[in-house]
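Asks: Using only what follows, build the 3D model:
(one chain, ligands or ions: 1)
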Amino acid sequence: MNIGLFPMSGIRVCDTELLRLGLTLPGFVERSKTIASLPSLGLLTLAGMTPSRHRVHYVEVPDGRLLDPLPDGLDLAAISTYSAQIDEAYELAQRFKAVGVPSVIGGPHVTALPEEAAEHCDAVAVGEGEPLWLEVLEDAERGHLRQYYRADDNEFDLAAAPVPAFELLDISKYNRLTVQTSRGCPHHCEFCASSIVLTHKYKQKPVAKVWEEIDKILAIWDRPFIEFADDNSFVNHSYWKELLTGLRGKGLKWFAETDISVADDPQLLDLMRETGCAQVLIGLESPTETALRGLELRGDWKFKKFSHFKEAIRAIQSHGVTVNGCFVLGLDGHTADVFDQVFTFVKESGLYEVQVTLMTPFPGTPLYARLESENRLLEPRNWKKCTLFDINFRPSGMSVKELHDGFKKLAVELYGEEFVNLRRSRFKRAVRDQRHSKGVQK
Ligand code: B12
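Replies: Sure thing, here's the model as predicted:
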């Protein structure tokens, strides 16, 4: 078969005021440029396990309507998307249907809402793609696609993970490639819509498999920058020590998402720096303790760690690894004071980088179910607003307007040139001082 792989790859914000602002703020622009050019690891992974008798074409779709004319000669269109672009993905599937090409769609959004997706696509992949992809291909080849393919009872063992088909990419179009070492997260935050939606447990890919993926990237790319697309990378420190020891001397630069516990392990931090870790992104979520209580469905881990946040940021950054601290605005427990509280936290903590987003009820999350039952969703099922930058719920501690205006004002303060430069120079100074105090010659 001729198989087209179509990842919906845009960056979306509905709020035009914020969009305009984003175009003029240096910090905002830089981050969106960086993340806007990531390929779809989901589809590349499926391509990596596709039997060689099929031909596979990988075509990014920044906007479904731009794919005009549709590529012809296809026997199957496989579409992958998140919530914000789901309508465009459905429209693309309908256009393929009109020209007689069957479509199969997957990803966390359709995993949460398979019946919605089945109204637009011939087949819906529910959950992780690896356990069901070969069956999809066999059925498509016979011309008998089922409406649903479910991975439910078939928890995928990452020891069997295929190596993603990075060779399908025109590498000059990307500034990072993603590699996954794990799926799931032990913390279960109420709002989380990452791979925790696809898998019930925290599971890791064997170290040797990750090395294999990285070697494949090194074979096609001489300036490799890797983003570890885990929900929470450093849950298992000894795993990472083994992984990173094998990456010494490879000339990588890399980035990962983690919880703050990585700060407790100086040996791991040294290894991270040595192997090219440029930044860790950490979900701090709130500059105040109260909003952290009950944020996780069990454990209250972040609430208990709150008093160590600033000390932990300093510990990580003193190893030369920058921290991008993420805050979710509009959590229950946040009032209109939260914007100043974030600014003060950032100033006092010495954070190098900061990411602010709005609380977002993604489909399939416990947060969505709760807000729906409390009648607090403003436009239920308006998935276009699932951007992390658009408000689609009634906050508990302020009005929608206060959240909107406060967020905008905070973005101006945080991403204005002056504060960005201050954060950078403070980080450089702190690393220099640390080196001097250790007696290391530069
Ligand atoms: C890389 C990334 C991106 C890349 C995506 C590149 C691409 N085209 O796929 C870019 C930068 C483009 C991006 C954009 C956006 N992102 Co983003 N992104 C991520 C990130 C960091 C990693 C995702 C990843 O690679 N996962 C690993 C792969 C293997 O998993 P997967 O894609 O789910 O695929 C598996 C299954 O879902 C399934 N599958 C998927 N597709 C298909 C298709 C078929 C046919 C089949 C059979 C199976 C299948 O099989 C795969 C293997 O098991 C996550 C955060 C995280 N740590 O996970 C956020 C995340 C996915 N992004 C998120 C968001 C909100 C956005 C944006 C809205 C941001 C914005 N304001 O524009 C846009 C969404 C655009 C859209 N299409 O709707 C949310 C999505 C939540 C949701 N339900 O929508 C996440 C979870 C982050 C968060 N804070 O919650 N993102």
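Asks: burial of Arg248, as a residue count?
Replies: By other C-beta atoms under 10 Å, 11 other residues sit near Arg248. Where you see a C-beta, it was placed from the backbone N, CA and C, and this is true even at glycine.
Asks: And Glu413, by the same measure?
Replies: 16.
Asks: Work out for me the element it sits within.
Replies: helix 400-415 (DSSP states H and E).
Asks: And the contacts of that helix?
Replies: Residues from elsewhere that reach helix 400-415, judged by C-beta atoms under 8 Å, 6 or more residues apart in numbering: 15, 17-18, 21-22, 25-28, 329-330, 336, 338-339, 342-343, 346, 354, 356, 358, 378, 391, 394-395, 398, 419.
Asks: These also near the ligand: which ones?
Replies: Residues of the contacts of helix 400-415 in contact with the ligand (C-beta under 6 Å from any ligand atom): none.
Asks: Could you identify the buried members of those residues?
Replies: Buried members of the contacts of helix 400-415, counted by 16 or more other C-beta atoms under 10 Å: 15, 18, 21-22, 25, 27-28, 329-330, 338-339, 342-343, 346, 354, 356, 358, 391, 394-395, 398, 419.
Asks: Tell me which of those fall in helices.
Replies: When the buried ones among the contacts of helix 400-415 are checked against helices (DSSP state H), the matches are 18, 21-22, 27-28, 338-339, 342-343, 346, 419.
Asks: Closest one of the residues you listed to Ala369?
Replies: Set against Ala369, the nearest of these by C-beta to C-beta is Val338 (24.2 Å).
Asks: worst-scoring helix or strand of this structure, pLDDT-wise?
Replies: helix 26-36 (a mean of 62; mean pLDDT, DSSP states H and E).
Asks: immediately after it, which helix or strand?
Replies: helix 41-48.
Asks: what comes up buried for the helix holding Glu413?
Replies: Across helix 400-415, burial judged by 16+ other C-beta under 10 Å covers 402-404, 406-407, 410-411, 413-415.
Asks: and what of stretch 55-69?
Replies: So for stretch 55-69, counting by 16+ other C-beta under 10 Å, buried means 56, 58, 60-61, 64, 67.
Asks: Stretch 105-123 now?
Replies: So, applying 16+ other C-beta under 10 Å, buried residues of stretch 105-123: 105-114, 116-117, 120-123.
Asks: And the ligand, is that stretch touching that?
Replies: Yes: interface with the ligand: stretch 105-123 contributes 105-109 (C-beta under 6 Å from any ligand atom).
Asks: can you give me the strands in the stretch 1-150 of the chain?
Replies: Listed in chain order, the strands of the stretch 1-150 of the chain (DSSP state E, counting those that start in this stretch) span 2-7, 55-58, 76-80, 103-106, 123-126, 148-150.
Asks: same for the longest one, what does it pack against?
Replies: Read that as strand 2-7. helix 41-48, strand 55-58, strand 76-80 (3 or more C-beta pairs under 8 Å, 6 or more residues apart in numbering; DSSP states H and E).
Asks: Check what contacts the longest one and list those residues.
Replies: Same thing as helix 41-48. 5-7, 56, 58, 78, 80, 106-107, 129-130, 133, 161-166, 168-169, 178-180, 229.
Asks: swap in stretch 135-144?
Replies: 1, 3, 50-51, 54, 75-76, 78, 102, 104, 123, 125, 145-146, 149.
Asks: out of everything not next to it in sequence, what's closest to the residue of the stretch 201-350 of the chain found nearest the ligand?
Replies: Among all residues of the stretch 201-350 of the chain, Ala229 sits closest to the ligand, at 3.8 Å; criterion: C-beta to the nearest ligand atom. Once flanking residues are discounted, Ala229 sits nearest to Thr178: 4.0 Å by C-beta to C-beta, 6 or more residues apart in numbering.
Asks: Return the list of helices and strands in contact with the regular element (helix or strand) spanning that neighbour.
Replies: Element membership for Thr178, per DSSP H and E: strand 177-179. Judged by 3+ C-beta pairs under 8 Å, 6+ apart, strand 177-179 is in contact with helix 207-220, strand 225-228.
Asks: Out of those, indicate the one that is most buried.
Replies: strand 225-228 (a mean of 21; mean count of other C-beta atoms under 10 Å).
Asks: what is the mean pLDDT for that strand?
Replies: Averaged over strand 225-228, pLDDT sits at 96.
Asks: please renumber so the chain begins at 485
Replies: In the new count, where the first residue is 485, that last one comes out as strand 709-712.
Asks: Going by neighbour count, which residues of the helix or strand following it are buried?
Replies: Remark: after strand 709-712, the chain's next helix or strand is helix 721-729, criterion DSSP H and E. Using 16+ other C-beta under 10 Å as the burial criterion, the residues of helix 721-729 that qualify are 723-724, 727-728.
Asks: where does the stretch 485-634 of the chain dip in pLDDT?
Replies: Residues of the stretch 485-634 of the chain meeting the criterion pLDDT under 70: 507-520.
Asks: if we can go back for a sec, of the buried residues of helix 721-729, closest to Ala703?
Replies: Leu727 (18.8 Å).
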